[in-house]
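Novice: Below are the sequence and a predicted model; questions follow.
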Amino acid sequence: MKILWISAHPEHRSLAGSLMTEGLRTLAAHGHEHRTSDLYRMGWKAVVDAEDFGTGGAPGRERLFVGPEQERAYRERTLSPDIRREQEKIAWADTLVLQFPLWWFGPPAILKGWFDRVLVQGFGFGVKGPDGRTLRYGDGGLAGKRALIVTSVGARESGFGPRGIHGQLDEVLFPLLHGTFWYTGMSALAPFVVYGADRLTDADYARNAAALGERLRTLDDEAPLPFHHEQGAAYDEELVLRPDIAPGRSGLGVHRAA
C-alpha cells in the first residue's frame, strides 16, 4: 500500500506523536510505502484566500468566487505550490490516514484548513461524469482511495457510546466520514480511537499502540463503512433515502447499509 499520513497535532512528543511514530514503523515493517504531511511542522496555512489561486492583489480583480477559482486554478496549474504538493501526495496514495486530537467535537482548525485548501473543486469535488452529472457520495475525484481517522479523545469510551452524553462517535465524526471522505469518493474505514487520552498509563499506551499496529497491519483487507451510493438506487430525485430503505428510521445512521 501507499499511505499518506496527515498529522494535525502541535506537539510531536505527545501521545499522537508517539502513535504516529509507531504507526509509520509498522507500515515500513510490512513493506508499505508512506509519505507524511505534519501540518504544524510544515507551518500549514489554514485559510483560503485569493493567494491560493494566483490572483491575490491583481488590479481590477473581480469579486472572489472560491469554487470556480479553485477549479480554474487547478485546471491551469496556478494553485499555490503548497496546495499542489499536497494534491500530488494524495494522487500517489492508496490510503489516507488522518490523525488528530478531537477538539470541540471535530479536528483542529489546521486540518479543516487542509481540507478547505487542498480538496478543491475539480480535484476533490465538483467532478462530472460523462453524462454531465456531478460525481459524489461514493464517486468523484478521489474514488478508489480509502481514508482512516486516528483520533484521541479525553473522555471515557462510554460517553461516546450509543446513549453517551457526547453522542455516538461515528455520528460525531459523520461530517468527516460521510461528508468529506465519502462525498469525494473515498471509502471511509471505521475510526481508530484512543479514549481517556489524558489519563493513559504506560500499559494503556502499549495496548493502544499494539491495537493501532494491528489495524495498520490488516488495513488492506479491511471492509469500509457501507454507506449508500448517491448514484445507486438508494435515493430519490430529491436526494432523500427511499422509504423502503431503513423504513421508519431517520437520523444519520440510515445512510449506512445494514
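Specialist: Alright, I've got the coordinates.
Novice: was I right about Trp32 contacting Leu4?
Specialist: Heads up, residue 32 is His, not Trp. No: using C-beta atoms under 8 Å, His32 is not in contact with Leu4; the gap is 11.3 Å. For the C-beta atoms, the positions are set from N, CA and C on the backbone; glycine is no exception.
Novice: quick one: which of the two has more around it?
Specialist: Leu4 (22 against 18; other C-beta atoms under 10 Å).
Novice: who's in contact with the spatially closest residue to that one that is not a sequence neighbour?
Specialist: In space, and not counting its chain neighbours, Leu4 is closest to Ala93: 3.9 Å by C-beta to C-beta, 6 or more residues apart in numbering. Shown here is Ala93, whose contacts under the criterion C-beta atoms under 8 Å, 6 or more residues apart in numbering are 2-4, 35, 145.
Novice: which ones among these are found in strands?
Specialist: 2-4, 35 (DSSP state E).
Novice: any chance of those residues in CSV, plus distance to Asp49 and pLDDT?
Specialist: Below are those laid out as CSV (distance: C-beta to C-beta, whole Å; pLDDT from 0 to 100):
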residue, distance to Asp49, pLDDT
Lys2, 31, 95
Ile3, 30, 95
Leu4, 25, 97
Arg35, 26, 96
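Novice: Can you add distance to Ile83 and give those residues back as TSV?
Specialist: Shown next, in TSV, are the ones in strands among the contacts of Ala93 (distance: C-beta to C-beta, whole Å):
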residue	distance to Ile83
Lys2	20
Ile3	20
Leu4	15
Arg35	16
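Novice: Please produce a PyMOL select command covering the buried subset of those residues.
Specialist: A single PyMOL command is used to select the members of these judged buried by 16 or more other C-beta atoms under 10 Å:
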select buried, resi 3+4
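Novice: and of the ones in strands among the contacts of Ala93, the nearest to Thr218?
Specialist: Among the ones in strands among the contacts of Ala93, Ile3 lies closest to Thr218 (C-beta to C-beta), at 13.6 Å.
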